[in-house]
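> Give me the fold of what follows.
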Amino acid sequence: MIRWRDPRVSLTAAVGTGAAGLVAALAGGVPAVVAGAVAGVAAAAAAAFSLLVAASRATGRRRALAWRWLAAGSITWAAGVGARPFADGTPFAVNFADLVLLVGTAMLAVGTGLSAARPAYGRAFLRGLVDAYVCAASLFTIAWILVLGPVYREAGGAADFAVNFSAPLLCLVLTCAVGPSVVPVRRSAWPVGLAALAVLAAITVGETVTALARLAGDAPPTAGIWSAPVAFLLLAAVPWSGRTVRAVDAADGQEPSGEGPGLSLLAAVPLVLVAAATAVVLLRVLGGRVEGPVPVLALVSASIVGILVVRLFTAFVETTRMRRLMDLGERQLQDLAESTGDVVLICDYDGLVHRIGEGVEITYGYRPEELVGGSIFDYIHPEDVPGIQQALRALGPDEEPAEGSGACMIACRIRAADGTWRPTESVATRHVRGEDLLLVTTRDVSDEEALRNQVTHLTFHDGITGLPNRAYFEERTREVLARPGGSRTAVIFLDLDGFTSVNDSVGHASGDYLLGQAARRLRAAVRVDDTLARWGGDEFAVLLETGADAQTAVDLAELLIHTVSSEPFRVADRDIALTASVGVAFADDEVSSADLIRNADVAMARAKELGGRRVEVFAAHMHADVVRRLELAADLQRALLENQFAIEYQPVVDLATSRVTAVEALVRWWKEGAFVPPEQFLGPAEDTGLIVPLSEWILREACQEVAAWRASGWDIGLSLNLSARQITAPRFVETVESALAESGLPPSALTLEVIEEMLVEDAEEIVTRLSELRELGVRLAIDDFGTGYASLAFLRQLPVDMIKIDPSFVSGLGRDETLSLLTRTIVRLGHDLGLIVVAEGIERPEQLELLREMGCTRGQGYLVARPMAPRGVDSLMPATASSLRESV
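I've put the predicted structure just below:
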């Protein structure tokens, strides 16, 4: 068995076989009827072979099935043609060969139909049969007038004529039946289907010629035999054409997409053929060349007329049904639209209203009869009319809609009966009833528009104060700086001093109410052209958009401070007095909006650091300071992880005996071998919260060290300074208790020092925490006594054991009588209250003598002993106490 791997080999073999048959038939010495039969058999066999090979390589099942049917029909037809020379000698008008040939023709028709489109069912199938009959009957009528009529009259009998012409008529009907599914160019042209249709047409012509020859009584026909071989050779070659090979096969059973103009023209073919047949008959009748009535012609004509009448009636019924469905669909669409609140109307392209739904009265307050006959443009906002007119013109019958949509979206404002303008969204489409009408559905979107506006407002405004928010302020600043003259712009940042305590004391709801009051005061103070926004928390920002010279900006900043602090805020039935810290920054050609806002924020933070209730104008060094503090915070974090900190101890001595009674733990930072003074990093550590882990580390290390000294028999105590952030930190008391337990240091040996300012700020919480420490047995001391704002009432509320005189008092001893008197008063007060009094900063001998004279019991300072490492403290143990006394 031979397998053709190359399609070109199959094509060459098939065409070569057919060509060889033709050459043999044309060779001399062969009878014409035999030569015709050989040519037909060879060409049909070539087509069958080519189609079978192509079907084995086809990608689609439907295409392969169609080609197999065509191949089987070609073989069957070839068998009938090959047997005809031998069967023509029988006495029958229709022989066995004719039947085989007709079967082959029918199989070819099936294959032709399958190669083009899906088979029709139901009404479509009946319509196809009727159209095929009309086409065949019309062609038969034309042929009858021109050719068959005289042959019928000379045949001498209707039966003989009918028998001979049954085969051509059947072929004609089959050709007309499959033609409508092949002729339209619907799927890559289906060239095989067109070639197969050409074969059917050639067979029909050949069978007609054969029938005419038989009725004429001539020798066995030859003309009819030669009509099909060329068509079969074309059918053999077409499956291997480039267009067919490149065509992408659709899925098996998929409906062809789109009808296109080809199908519209094809639907008119039966009518065109009927008109042509009618014209031929009329020409013959008018020419007087029709001799008497012809029963066959009358019967065919009557059948055509009857079928056309039935088709016309069917079309009328279908049209009526479709019109009713269209009316029903239109009413349902209108009801559906109006049930959703839409208004449905029909107008022309000039805006003239032809019909409008009842929903217009509910939505807009107009009665439908008031609007019908009027123009829709009378109710549309004048600013929206030009755009709508242009959109309607684009939908006109002379315009091609975008992508064939035939619809457009329209947004406009419509005047309601109460005079208000309502935002609407409409959809206009071409009406199916006529090209000069539009179907418009309109929806009132006032609620949606209000919701969008509300969302937009909330997006760019603060919900508590109603002022623009941070996002709006940033965007507005960018816009102002981008326009000409943007360099004459300034930004003011304002922070309410002490607002945190308001939330803590009266609650966040009352705090929000206070912010609303502050916003109203500030709004009344700024200029109309300036933008006031709530930046966040208790911070406000002002954008001076025009004429922002330095004096104007500073004057406004001072006015804002006065506005806030001029009178108390009334919140929760109490008066709350607040002040403000304000920072001002000016724009220049090189500063961006983000930098301008940042600069104002930095200046405000600087004003707050300096005590608040003041105005600070941004300077370049401020930003450098902020950056430096950020870098220092990062270095502090790293120093904690890398153990870069150390502890030094400054002795506290009994001034009467010079005995070391305690040491004060002082933290030292050696950054990459360089000493960093405490005043440079303790503030940032407090601000960033790193003071909490740092102080905990100091507490644990110092407790371990002092506990070791006490274990060697030295009765010595430990003093530590506390920060407000450390005291208010979670589990602070538990941390102290844990450090004491781990080190074994008695609580009475630990003295914790606080400054007076801490007793004023957050006094209640701090006093509570210190009282809990006192219950553990830890001693408490007030450091820098006399410099803060604490009243003597705290000495009664808080069980303090010690007060430490600030070095500023000690430094004036012997030189300033006022300071000496104040120092003497503090010492006497401590004695009267039963407290230990410690003098700090003793640096000169006369200071030491005056303190002894005043009765101060303890002291510390560079004259007594400098801060030292733990090894230095070891040398101060009792064995060496005498040398220490001599030095003092």
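> contacts, neighbours, all on C-alpha from now
Will do.
> low-confidence ranges in the stretch 601-750 of the chain?
623, 626 (pLDDT under 70).
> quick one, longest strand in this protein?
In the chain, assigned by DSSP state E, the strand with the most residues is strand 660-671.
> That one pairs with which strands?
Take DSSP bridges as the rule and strand 660-671 pairs in its sheet with strand 645-654 (antiparallel), strand 674-676 (antiparallel), strand 717-721 (parallel).
> and the last one, how far from the chain's centre?
Relative to the centre of its chain, strand 717-721 is centred 62 Å away, using Cα atoms, centre = their mean, to the nearest Å.
> CA atoms only for whatever helix or strand comes next after that strand, dumped as PDB, please.
As assigned by DSSP states H and E, the chain's next helix or strand after strand 717-721 is helix 724-727. Extracted C-alpha coordinates of helix 724-727, given in PDB (Å, rounded to 0.1, in the frame of the first residue of the first chain):
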ATOM      1  CA  ALA A 724       9.500  60.600  83.000                       C
ATOM      2  CA  ARG A 725       9.300  58.200  80.000                       C
ATOM      3  CA  GLN A 726      11.000  55.500  82.000                       C
ATOM      4  CA  ILE A 727       8.700  55.900  85.000                       C
END
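> Same question for helix 724-727: list its buried residues.
724-727 (16 or more other Cα atoms under 10 Å).
> Pick the one among these closest to V147.
Using Cα to Cα, R725 comes nearest to V147 of the buried residues of helix 724-727, at 119.9 Å.
> Hmm, that closest one is touching A685, no?
No - if you go by Cα atoms under 8 Å, R725 and A685 don't touch, sitting 10.0 Å apart.
> what is in contact with the two at once?
Common contacts of R725 and A685, defined by Cα atoms under 8 Å, 6 or more residues apart in numbering, comprise I691.
> before we move on, back to that, possible to save the strands paired with strand 660-671 as TSV with distance to T320 and mean neighbour count?
As requested, those are exported to TSV (distance: least, Cα to Cα, whole Å; neighbours: other Cα atoms under 10 Å):
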stretch	distance to T320	mean neighbour count
strand 645-654	100	20
strand 674-676	101	10
strand 717-721	102	22
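> Could I get the ones you listed in TSV, plus columns for distance to I803?
Shown next, in TSV, are these (distance: least, Cα to Cα, whole Å):
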stretch	distance to I803
strand 645-654	13
strand 674-676	29
strand 717-721	12
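> any idea how far the closest residue to G744 other than its chain neighbours lies from P746?
Once flanking residues are discounted, G744 sits nearest to A707: 6.3 Å by Cα to Cα, 6 or more residues apart in numbering. A707 is 8 Å from P746, where distance means Cα to Cα, to the nearest Å.
> so what's in contact with these two at the same time?
With Cα under 8 Å, 6+ apart applied, the contact sets of A707 and P746 do not overlap.
> who has more neighbours, the two?
A707 (22 against 16; other Cα atoms under 10 Å).
> Can you name every helix or strand that the helix or strand harbouring the more buried one contacts?
A707 is part of helix 691-711, with elements assigned from DSSP H and E. The contact analysis (3 or more Cα pairs under 8 Å, 6 or more residues apart in numbering; DSSP states H and E) places helix 691-711 against strand 660-671, helix 678-688, strand 717-721, helix 724-727, helix 732-743.
> Now distance to L822 too, for the ones you listed, in a markdown table please.
Below are the helices and strands packed on helix 691-711 laid out as a markdown table (distance: least, Cα to Cα, whole Å):
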| stretch | distance to L822 |
| --- | --- |
| strand 660-671 | 25 |
| helix 678-688 | 27 |
| strand 717-721 | 24 |
| helix 724-727 | 27 |
| helix 732-743 | 35 |
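> Return the most buried member of those.
Mean neighbour count (mean count of other Cα atoms under 10 Å) peaks for strand 717-721 among the helices and strands packed on helix 691-711, with a mean of 22.
> And the residue nearest to G744, how far from G717?
When distance is defined by Cα to Cα, A707 is 9 Å away from G717.
> again, but for A482
Going from A482 to G717 by Cα to Cα gives 66 Å.
> before we move on, what about R774?
On the measure of Cα to Cα, R774 and G717 end up 16 Å apart.
> and if you look at G507?
43 Å.
> What of S695?
Look at S695 and G717: by Cα to Cα, they are 18 Å apart.
> which sections of the stretch 451-600 of the chain are below the confidence cut-off?
485-487.
> Would you map the strands across it?
For the stretch 451-600 of the chain, strands defined by DSSP state E, counting those that start in this stretch occupy the ranges 490-497, 531-536, 539-544, 569-571, 574-576, 579-586.
> V305 is nearest to which of those?
With Cα to Cα as the measure, strand 531-536 is the member of these nearest V305 (87.5 Å).
> now that closest one and strand 539-544, what's the angle there?
Orientation check (axes from the mean of the first three to the mean of the last three Cα atoms, to 10 degrees): strand 531-536 against strand 539-544 gives 160 degrees.
> Report the distance from strand 531-536 to the chain centre.
With Cα atoms, centre = their mean as the basis, strand 531-536 stands 30 Å off its chain's centre.
> Please spell out which residues along it are buried.
Using 16+ other Cα under 10 Å as the test for burial, strand 531-536 gives 531-535.
> and those as JSON lines, adding distance to L848?
Rendered in JSON lines, the data for the buried residues of strand 531-536 read as follows (distance: Cα to Cα, whole Å):
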{"residue": "T531", "distance to L848": "62"}
{"residue": "L532", "distance to L848": "60"}
{"residue": "A533", "distance to L848": "59"}
{"residue": "R534", "distance to L848": "57"}
{"residue": "W535", "distance to L848": "55"}
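> Looking at these, which is nearest W69?
Looking across those and measuring by Cα to Cα, the closest to W69 is W535, at 82.9 Å.
> Not counting sequence-adjacent ones, nearest residue to the closest one?
By the measure of Cα to Cα, 6+ apart, the closest residue to W535 outside its immediate chain neighbours is R470, 4.9 Å from it.
> need the contact list for the one you found.
Contacts of R470 (Cα under 8 Å, 6+ apart): 460, 533-536.
> if I look at it, how far off is D601?
According to Cα to Cα, R470 and D601 sit 13 Å apart.
> same deal with D595?
D595 is 10 Å from D601, by Cα to Cα.
> got a list of contacts for stretch 737-745?
Applying Cα under 8 Å, 6+ apart, the set of residues contacting stretch 737-745 from outside is 699-700, 703-704, 706-707, 746-747, 776.
> Only the buried members of the residues you listed: can you turn that into a PyMOL selection?
In PyMOL, this line selects whichever of the contacts of stretch 737-745 come out buried by 16+ other Cα under 10 Å:
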select buried, resi 699+700+703+704+706+707+746+747
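> how far does the helix or strand hosting A64 sit from the chain's center?
Assessed by DSSP H and E, A64 sits inside helix 61-87. The chain centre lies 61 Å from the centre of helix 61-87; the measure is Cα atoms, centre = their mean.
> if you average pLDDT over that helix, what comes out?
Computed over helix 61-87, the mean pLDDT rounds to 81.
> Quick check: buried residues in that helix?
62-85, 87.
> For the closest residue to V238 other than its chain neighbours, the count of nearby residues, please.
Sequence neighbours aside, V192 is the residue nearest to V238 in space, at 5.8 Å (criterion: Cα to Cα, 6+ apart). The tally of other residues near V192 (other Cα under 10 Å) stands at 28.
> got the contact list for V192?
V192 neighbours (Cα under 8 Å, 6+ apart): 115, 235, 238-239, 244.
> Could you look up the SS state of it?
When classified by DSSP: H, G, I helix; E, B strand; the rest coil, V192 comes out as helix.
> For it, give its distance to R68.
From V192 to R68 the distance is 12 Å (Cα to Cα).
> What ranges in the stretch 751-888 of the chain fall below the confidence cut-off?
In the stretch 751-888 of the chain (pLDDT under 70), the answer is 759-763, 788-797, 879-888.
> the helices in it, which residues?
For the stretch 751-888 of the chain, applying DSSP state H, counting those that start in this stretch gives helices covering 763-776, 793-797, 807-810, 817-832, 845-854, 870-874, 881-887.
> Now tabulate those in a markdown table and tack on distance to G786.
A markdown table is the format used below for these (distance: least, Cα to Cα, whole Å):
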| stretch | distance to G786 |
| --- | --- |
| helix 763-776 | 17 |
| helix 793-797 | 13 |
| helix 807-810 | 9 |
| helix 817-832 | 8 |
| helix 845-854 | 16 |
| helix 870-874 | 30 |
| helix 881-887 | 29 |
